[in-house]
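Visitor: Sequence and computational prediction follow.
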Amino acid sequence: LHASTHSQTIAFIGAGNMASALIQGLIRQGSAAGNLLVADIDTDKLQSLAHDYGIRPASEDEIAAEAEIIVLAVKPQVMESVCASLGEKINQAGRQPLIISVAAGITLASLDQWLGGNAALVRCMPNTPALIGKGASGLYANARVDTMQRQASSAIMEAVGLSVWVEKETDLDAVTAVSGSGPAYFFLFMEAMQDAARDMGLEADLARSLVLQTAMGAAELAAQSKEELAELRRRVTSPGGTTEQAIKSFQADKLEAIVAKALQAARRRSEELAAQGSD
Ligand SMILES: NC(=O)c1ccc[n+]([C@@H]2O[C@H](COP(=O)([O-])OP(=O)(O)OC[C@H]3O[C@@H](n4cnc5c(N)ncnc54)[C@H](OP(=O)(O)O)[C@@H]3O)[C@@H](O)[C@H]2O)c1
């Protein structure tokens, strides 16, 4: 974690899955619990999260008055009302904290408008493996975000995995199609392998274990290697061997085209949702 991010007051609005994951990650990486604030309309959830990590439950007023960084971790449907009330409080307090939104499909233009029009804003697209510290997030900042704030944003998202900056906001639609929705594609592929293994007579538990271990092993092997994915694949694919038969079958069925078409469909939907949210 970037040294300066340790000592900043970071507040979370919405004490749900994503906020819990980030809070856990930040504490694991050395942030002092005393520097973390959290607000939620559900007081039970708020108290239990605050208690679990020793962080301070706070009101929106306190957050508007104190926080240097505010992470908006509520569902997209309630983002407008959260931003409107928070924006008013921040503007009254005459402050300009960094605001990071992790909500899928909500554009910087919408956030900025709802917050009152002069916020330093980062839009982030995380994915669910963030919940176990293995997330992949794409980030994009508006022009009011300075270098220190960019570093702080990266540091926060890196507490739950990989984080990368994209060059333009619309690239987040591609990030959504690749890593945002991506875990489900791998689940689907693993399901299909598991079903095929069972059809071949393997026990369900055994099929599941073999598939999961193979997926993890392949991802780790690729992550640790400097080789291209295609080269790693070729190494498993001996001429005349078993793998070659499967790869030929996938290629005859145009797996690459199937995957490309699916990702395009996800990106189109992400663009549509962003357009709807900005109406
Ligand atoms: N989970 C992921 O891995 C993931 C991945 C990508 C993006 N995201 C984004 O992350 C955001 C949060 O997702 P999540 O899974 O963490 O959702 P979640 O578990 O539902 O957490 C949201 C929390 O915010 C609370 N809340 C609702 N209205 C509020 C308000 N006005 N003020 C304060 N708190 C309020 C909710 O309370 P109630 O339950 O009582 O409504 C809930 O506790 C979403 O925008 C989502 O698009 C999440």
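Guide: Alright, I've got the coordinates.

Visitor: For whatever residue of the stretch 151-279 of the chain ends up closest to the ligand, which residues are in contact?
Guide: Using Cβ to the nearest ligand atom, the point where the stretch 151-279 of the chain gets nearest to the ligand is residue 180, with a distance of 6.1 Å. No exception for glycine: its C-beta is placed from N, CA and C like everyone else's. Contacts for residue 180 (Cβ atoms under 8 Å, 6 or more residues apart in numbering) come out as 104, 125, 126, 127, 138, 266, 270.

Visitor: which two of these lie the greatest distance from each other?
Guide: The largest distance within the contacts of residue 180, taken as Cβ to Cβ, falls between 126 and 266 and amounts to 15.6 Å.

Visitor: which of the two has more neighbours?
Guide: Just comparing residue 126 and residue 266: by other Cβ atoms under 10 Å the higher neighbour count belongs to residue 126, 26 against 19.

Visitor: From the ligand, how far off is that one?
Guide: Between residue 126 and the ligand the distance, using Cβ to the nearest ligand atom, to the nearest Å, works out to 5 Å.

Visitor: what sits against that residue?
Guide: With contacts defined as Cβ under 8 Å, 6+ apart, residue 126 is in contact with 18, 102, 135, 136, 137, 157, 160, 161, 180.

Visitor: mind putting these in JSON lines, secondary structure and pLDDT included?
Guide: Supplementary listing: these in JSON lines, determined by DSSP: H, G, I helix; E, B strand; the rest coil; pLDDT from 0 to 100:
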{"residue": "18", "secondary structure": "helix", "pLDDT": "94"}
{"residue": "102", "secondary structure": "coil", "pLDDT": "97"}
{"residue": "135", "secondary structure": "strand", "pLDDT": "97"}
{"residue": "136", "secondary structure": "strand", "pLDDT": "98"}
{"residue": "137", "secondary structure": "strand", "pLDDT": "98"}
{"residue": "157", "secondary structure": "helix", "pLDDT": "97"}
{"residue": "160", "secondary structure": "coil", "pLDDT": "96"}
{"residue": "161", "secondary structure": "strand", "pLDDT": "97"}
{"residue": "180", "secondary structure": "helix", "pLDDT": "97"}
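
Visitor: Alright, I will stop here.
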